[in-house]
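> no sequence on this one, just coordinates:
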């Protein structure tokens with residue numbers, strides 16, 4: 001890791017049994033049932049399949065998903081922002097390998113956490129040639145609850161991987177329009193300000209770096225330099241292009257917690273990722289890399305899906 005990057009904390013807790021206090025109480029049958037479901041969720045998830053067994057329906061028993069609590073110190077002069085809770089999710093990958101029942105339980109868990117804002121950093125679907133999963137994820141995201149709304153950027157898969165031409169553009173527009181109709185503010189190289197009792201909080205959403213839609217000059221054009229700003233990007237390497245822009249914190253996904261990036265074509269290479277999961281300090285900005293909720297059908301041992309809760313300080 002280069003000297004200008006400091007990993008403040010790692011959010012990767014490698015596969016320990018997550019238990020809540022009430023989840024281990026009650027009758028032996030309840031404990032046995034919870035643990036059986038937990039091990040189903042872990043086993044299938046590690047093989048690349050996300051099922052409803054990964055999330056305890058009541059949020060009190062053992063489960064594969066992890067809720068990660070992070071104090072985000074932004075040194076804001078606006079006291080009303082202190083203590084705000086922001087949920088961050090990424091990489092849902094609604095598909096044949098990531099079930100609707102699982103994602104619905106994830107949304108229910110977010111709603112149970114009673115947050116002020118929800119932010120999402122892309123890859124809502126995987127390979128969706130006909131648009132079926134776009135329609136499903138739009139309906140799913142419409143169930144998210146928070147006091148001050150939900151804000152989203154796009155990931156590389158959302159642009160229409162394996163599609164080209166007019167169909168690719170049409171499906172992307174359908175996804176954006178559908179998310180917005182469901183109450184999600186989609187920021188594609190755009191910014192918006194949330195007014196909390198006269199205290200501004202800016203959100204900036206960037207297009208995806210890998211597909212060539214990353215335009216920080218456009219996205220930050222109207223953002224004041226003296227107000228609290230949180231940038232949403234999919235690929236964490238995008239932070240390397242934000243040095244001159246006023247972002248106090250940058251939240252991202254994309255990596256699924258993997259420390260290395262393997263090439264899929266010859267010659268095969270194994271490149272260590274600069275940012276893989278957790279909280280980093282990079283050139284004066286806080287960067288958080290979320291491990292994601294979904295999978296893309298590949299084996300991932302000891303990497304749990306994640307809902308992040310930031311508390312602004």
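Received, thanks. What you are looking at is a predicted structure, and each value in this text was computed from that prediction instead of being measured. Numbers count the residues shown, from 1 in each chain.
> Flag the helix or strand of the protein with the lowest per-element mean pLDDT.
Sorted by mean pLDDT, DSSP states H and E, the helices and strands of the chain end with strand 260-262, the least confident at a mean of 66.
> What is the neighbour count of residue 106?
By the criterion of other CB atoms under 10 Å, residue 106 has 24 neighbours. Heads up, the C-betas are built off the backbone N, CA and C, glycines and all.
> ok, and the closest non-adjacent residue to it?
Distances taken as CB to CB, 6 or more residues apart in numbering place residue 293 nearest to residue 106, at 5.4 Å, with adjacent residues excluded.
> Report the separation between that neighbour and residue 142.
According to CB to CB, to the nearest Å, residue 293 and residue 142 sit 17 Å apart.
> higher neighbour count, the two?
Each of residue 293 and residue 142 has its neighbours counted (other CB under 10 Å); residue 293 has more, 28 against 15.
> Wait, a helix at that one?
No. Residue 293: not assigned to a helix; according to DSSP: H, G, I helix; E, B strand; the rest coil it is coil.
> wait, doesn't it sit right on residue 308?
No. In this structure, residue 293 is not within contact of residue 308 by CB atoms under 8 Å, at 10.7 Å.
> Identify the contacts common to these two.
Common contacts of residue 293 and residue 308 (CB atoms under 8 Å, 6 or more residues apart in numbering): residue 89.
> what's near enough to touch residue 191?
By CB under 8 Å, 6+ apart, the residues touching residue 191 are 202-205, 219-223, 229.
> for the protein, which spans come out with low pLDDT?
Scanning the chain with the threshold set as pLDDT under 70 gives 1-4, 10-33, 260, 262-270, 297-301.
> returning to what we had before: out of the contacts of residue 191, list just those in helices.
Among the contacts of residue 191, DSSP state H puts residue 219 in helices.
> Residue 117 touches residue 144, doesn't it?
No. If you go by CB under 8 Å, residue 117 and residue 144 don't touch, sitting 10.5 Å apart.
> Common neighbours of the two, please.
With contacts taken as CB under 8 Å, 6+ apart, the residues that reach both residue 117 and residue 144 are residue 150.
> coming back round to it: turn the contacts of residue 191 into TSV, columns for neighbour count and distance to residue 156.
Listed next are the contacts of residue 191 as TSV, based on neighbours: other CB atoms under 10 Å; distance: CB to CB, whole Å:
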residue	neighbour count	distance to residue 156
202	20	25
203	24	20
204	28	19
205	26	15
219	25	17
220	23	21
221	13	24
222	12	26
223	18	24
229	24	24
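> what's the most distant pair in the contacts of residue 191?
The two members of the contacts of residue 191 with the most space between them (CB to CB) are 203 and 221, at 14.3 Å.
> Residue 179 is in what secondary structure piece?
helix 165-181 (DSSP states H and E).
> residues in contact with that helix?
Under the criterion CB under 8 Å, 6+ apart, residues 124-125, 128, 131, 134-135, 137-138, 141, 152, 154, 158-160, 163, 186, 188 lie in contact with helix 165-181.
> Check the offset of it from the chain's centre.
20 Å (CA atoms, centre = their mean, to the nearest Å).
> before we move on, what about stretch 135-153?
Stretch 135-153 has its average C-alpha position 12 Å from the chain's average C-alpha position, going by CA atoms, centre = their mean.
> From one end of that stretch to the other, what's the distance?
Start and end residues of stretch 135-153 are separated by 17 Å (CA to CA, to the nearest Å).
> and it, which residues are buried?
For stretch 135-153, burial by neighbour count (16 or more other CB atoms under 10 Å) applies to 135-138, 140-141, 144, 146, 149-153.
> Make CSV from these and add distance to residue 84 to it.
Shown next, in CSV, are the buried residues of stretch 135-153 (distance: CB to CB, whole Å):
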residue, distance to residue 84
135, 32
136, 30
137, 26
138, 27
140, 25
141, 21
144, 17
146, 11
149, 13
150, 14
151, 13
152, 18
153, 20
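> Tell me where the chain has helices.
With DSSP H as the criterion, the chain has helices spanning 28-46, 100-112, 132-141, 165-181, 216-219.
> between those helices, which one is nearest to residue 277?
Closest to residue 277 of the helices of the chain is helix 28-46 (CB to CB; 15.8 Å).
> Could you count how many residues lie near residue 228?
Close neighbours of residue 228, defined as other CB under 10 Å, add up to 23.
> Burial check on residue 45, number of neighbours?
Neighbour count of residue 45, defined by other CB under 10 Å: 26.
> if I look at it, how far off is residue 109?
Distance, residue 45 to residue 109, by CB to CB: 15 Å.
> From residue 272, how far out is the closest residue to residue 280 other than its chain neighbours?
Take residue 280 and drop its neighbours on the chain: the residue closest to it by CB to CB, 6+ apart is residue 287, 4.4 Å away. According to CB to CB, residue 287 and residue 272 sit 17 Å apart.
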